[in-house]
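Generate a structure from the sequence data that follows.
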Amino acid sequence: MRKTILSSLLLFALCASVGCAPVSDSVRRTTPEKAGLNPAKLVLVDDIINESIEKKEIPGAVLAIVRDQSLAYLKAYGNKSVYPEVEPMTVNTVFDLASVSKPVGCALSIMHLVESGRLRLSDPVSMYIPNFMPYVDPLTGERVQIRVVDLLTHSSGLPGYITATRLTEKYGSPNPQALIDSIATTGRDFRPTTRFRYGCTNFIALQHVLENITGEKLCDYAQKNIFDVLGMKHTTFNPTGEVLALVAPTEKQADGSVLRGRVHDPLALLLNDGNSGNAGVFSNAEDLALLAAALMNGGAYNGKRILSPLTVETMTRIPEEVKSLGRSLGWDNYSSYSSNNGNLFDPTRTYGHTGYTGTSMVIDPVSKTAVILLANRVHPEDVGSVTRLRALVANAVAGAVTK
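Predicted coordinates for the structure are as follows:
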């Protein structure tokens, strides 16, 4: 016993003298001043969010700001629930990330598969989904294969969305196979890489690529290789237990209940039962801050690595052939959907994503700043808008950067 205590004391002294890397799974904390943020300017961010609450655009929100791999600001605003009862927002509230799931759950997993040597970005999707149809040129009859990278950049030519009710009425719910069969055989609207059309179908197809390669569900693969490795303790698909208890409700249903802990997106909910490439991840601001810090650090944090530096660089860089479209691999850099980036962060290197429920992430690797804004705007009804709010918050955070 005495020997164990002495060993522990020696190890502590050694770490203190040479600066051992922290072993905690949580993101490091710092003050705004030490992070190079002007506290007086951050008051403007608080005012912007509180004004949105007063306008009833959102019932509440949580904001996290990361600077140079440390969490410099974490604050809750308003309420996480106003129906059927009022519940104050807390910084550990878990949100339905909606389409922020695309990069966080699906694209990170796909890139993990790529760097594991099991998948190429240039592989045709039909290698993994046998009935997946190519684009057929209506004039020449030329058949052009849709590739994995085309799905990641939303340049595949697939329709943006498929009506969930039509499929559930015909095939029942849940029915993941009916959904992917519909996506695989539906008409292609343009030649791959020639246009950008944002859509959920691309990422549901990516989900099935991964699942057909690994034999695992996307939710399990992401949990095992991304969330658990990095220590994202409140990030998961289909939350249960302690995580479920922290979830903010979303939309009021026809029977008077509210969705809580079940994904809001109809395709993900009705057809894929919560395990879906386009939506379904639940998380909180601190976990996403941890992820942002890892991405700004080349894919690792606290000694835990989820991707290699070259993989992160490739994932967040727009492929040359679709440079004009503004989408990197799972992320949005400067497409028509990128207003959440604001006007002041680096115009080409900044990447992020938004979610229909009111969630968003913005990461500027040049200034090493990340802004995570989580708001449940569809609660209790789908009437509010956060498009302008996101940009205002991003601008105010960028304006607070002093170094």
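
Tell me which strands the helix or strand where V62 lies pairs with, and in which orientation.
Here V62, judged by DSSP states H and E, is contained in strand 60-67. Here strand 60-67 has these sheet partners by DSSP bridges: strand 70-81 (antiparallel), strand 369-375 (antiparallel).

How many residues are close by P138?
7 (other CB atoms under 10 Å). Quick note: C-beta positions are derived from backbone N, CA and C, even for glycine.

cool, and L152?
L152, neighbours per other CB under 10 Å, totals 27.

Assumed E57 was part of a helix.
No - E57 sits outside any helix when classified using DSSP: H, G, I helix; E, B strand; the rest coil, being coil.

Span of stretch 116-133 from start to end?
Distance between the two ends of stretch 116-133: 27 Å, counting by CA to CA, to the nearest Å.

picking that back up, now the strands paired with strand 60-67 as a markdown table including mean pLDDT?
Formatted as a markdown table, these follow (pLDDT from 0 to 100):
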| stretch | mean pLDDT |
| --- | --- |
| strand 70-81 | 98 |
| strand 369-375 | 98 |
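
Of these, which is nearest K102?
For the strands paired with strand 60-67, proximity to K102 was assessed by CB to CB; strand 369-375 is nearest, at 15.6 Å.

elements contacting the helix or strand following the closest one?
Next helix or strand after strand 369-375 toward the C-terminus (DSSP H and E): helix 387-400. Packing partners of helix 387-400 (3 or more CB pairs under 8 Å, 6 or more residues apart in numbering; DSSP states H and E): helix 39-54, strand 359-364, strand 369-375.

what's in contact with the second one?
Read it as strand 359-364. For strand 359-364, contacts defined as CB atoms under 8 Å, 6 or more residues apart in numbering pick out 95-98, 100, 103-104, 288, 292, 295-296, 316, 340-342, 345-346, 349-354, 369-375, 386, 390, 394, 398.

Report the buried residues of the helix or strand harbouring T314.
Taking DSSP H and E as the definition, one finds T314 inside helix 309-315. Residues of helix 309-315 classed as buried by neighbour count (16 or more other CB atoms under 10 Å): T311, V312, T314, M315.

hang on, the earlier thing: most tightly packed of the strands paired with strand 60-67?
strand 369-375 (a mean of 29; mean count of other CB atoms under 10 Å).

so how far does stretch 252-263 reach from one end to the other?
13 Å.

Number the chain from 46, please
Let's use 46 as the start, then, which means that last one is stretch 297-308.

from the chain's centre, how far out does stretch 74-87 sit?
Remark: stretch 74-87 is offset 25 Å from the chain centroid, using CA atoms, centre = their mean, to the nearest Å.

Please point out which parts of it sit buried.
Quick answer for stretch 74-87 (16+ other CB under 10 Å): T75, P77, A80, G81, L82, K86, L87.

swap in stretch 146-164?
For stretch 146-164, burial by neighbour count (16+ other CB under 10 Å) applies to 146-160, 164.

any idea of the mean pLDDT in that stretch?
Across stretch 146-164, the average pLDDT comes to 98.

Not counting its neighbours along the chain, what's nearest the most centrally placed residue in the chain?
Computing the C-alpha centroid of the chain and ranking residues by CA atoms, centre = their mean puts V145 first, at 3.0 Å. Of all residues not flanking V145 in the chain, G400 sits nearest, at 4.1 Å (CB to CB, 6 or more residues apart in numbering).

try K86
In space, and not counting its chain neighbours, K86 is closest to A445: 3.5 Å by CB to CB, 6+ apart.
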